[in-house]
Each structure stands twice: as structure tokens, then as C-alpha cells.
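Student: Everything below, folded, please.
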Amino acid sequence: MQIELFYFDSCPHWTAALRHVEEVLVEEGGIHEIRLIPIRTLADAQRHRFFGSPTIRIEDRDIDPAAWGRLDYGFGCRLYPRADGSIHPIPSKEFLRQAFRLHRPLSIAEAHGEVLESIRRQHPEWAAESMAECSRCVRYEYELADPLGSPSEE
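Tutor: Now for the predicted structure:
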């Protein structure tokens, strides 16, 4: 996972944001390189799509989905939302954790669990039945991919 932290030297918050990123990566069990990118000029800010310091991207995508359509690049302090509705110049560890989880590849067991949960939400009548053997889970996924080519019931 490629992680970039953009900042300007006089920002009082970028080092605390870096610590949060490092702590969350350790807590989540990931060791990743964090690339630090200083922004020194307005041209740098525009070239790097810099929304203020600190700006954090994972795989070239801002950690805040609210920023994905923004075009207001330039110098200034960056603010991040908190769960209580307040805003802070440093993303919370939970905010970072959610961003990292969105970019982390799923294991087969996690993907299977997500499929089962999706089926349970969309078809609550199936939840009473045992789904441990996955036959309905596999058939359901297959039907979504190709409704005419689904396997026959045995």
C-alpha cells in the first residue's frame, strides 16, 4: 500500500499526523513505507493536488472522501472531520483506520464473510437456514454474475 503525507515545513500538525499514521499501521498489523512530500511553492501545491497540510493519500487517493471532487489546491491548514461532528487539523486514528481498511486487500475468509453478510441483508428469509456449507452463497454470487449460466440445483 502506497502512503503519502504532503506537508509544508511550518505546519505545526504534520508530525502528529505522521505519528497517527504510523500508530494505526502498527495496530492494524501493516508495515508500509510512508513517503513524506514537502510542499514549498504554490506550483508544488497545484502539481500535487495539495489541499493543505497535512494531506494524506493512500494509493494516490485522499483519505477523506469529501475531498475527492475538490479543486481548491493551495497552502493552508487542513481540517478533518471527527465522529462527533467537530473538525481537527489532524485526522483521528479511527478516521485513518477506516481509510486504511478501504485500501487493504481482503483475505478469502473476509471476502466470504462479506458475501454472507450481504446475502443476509438482502435475503433475510435465508438467514434462518444454515449457510455454513456455502452452496447458496456460491450460487447467489454466480447468478449475479451470469443469471443465465447459474449452476443447476442438485
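
Student: all helices of this protein, in order?
Tutor: Here the chain has its helices, by DSSP state H, at 14-27, 42-47, 93-103, 108-122, 135-145.

Student: averaging pLDDT over each of these, which comes out lowest?
Tutor: Note on those: lowest mean pLDDT is at helix 135-145, with a mean of 45.

Student: okay, now Gln46: neighbour count?
Tutor: Number of residues near Gln46 (other C-beta atoms under 10 Å) recorded here: 13. Just so you know, the C-beta spots here come from the backbone N, C-alpha and C atoms, and that holds for glycine as well.

Student: Distance check, it against Arg101.
Tutor: 30 Å (C-beta to C-beta, to the nearest Å).

Student: go on, Arg19?
Tutor: Counting by C-beta to C-beta, the gap from Arg19 to Arg101 is 19 Å.

Student: next one: Phe8
Tutor: 28 Å.

Student: and what of Ser92?
Tutor: 14 Å.

Student: So these two - more neighbours on which side?
Tutor: Ser92 (17 against 11).

Student: Pull the contacting residues for that one.
Tutor: Residues in contact with Ser92 (C-beta atoms under 8 Å, 6 or more residues apart in numbering) are His20, Tyr80, Arg82, Ala83.

Student: how about Ala16, what does it touch?
Tutor: Ala16 is in contact with Ile90, counting by C-beta under 8 Å, 6+ apart.

Student: and if you look at the one 4 residues further on?
Tutor: The neighbours of His20, taking C-beta under 8 Å, 6+ apart as the test, are Ile90, Pro91, Ser92, Lys93, Leu96.

Student: which among those gets closest to Trp68?
Tutor: Pro91 (15.2 Å; C-beta to C-beta).

Student: Asp62 versus the closest one, what's the distance?
Tutor: Distance, Pro91 to Asp62, using C-beta to C-beta: 11 Å.

Student: what sits in contact with each of the two?
Tutor: Counting by C-beta under 8 Å, 6+ apart, the shared contacts of Pro91 and Asp62 are Ile56.
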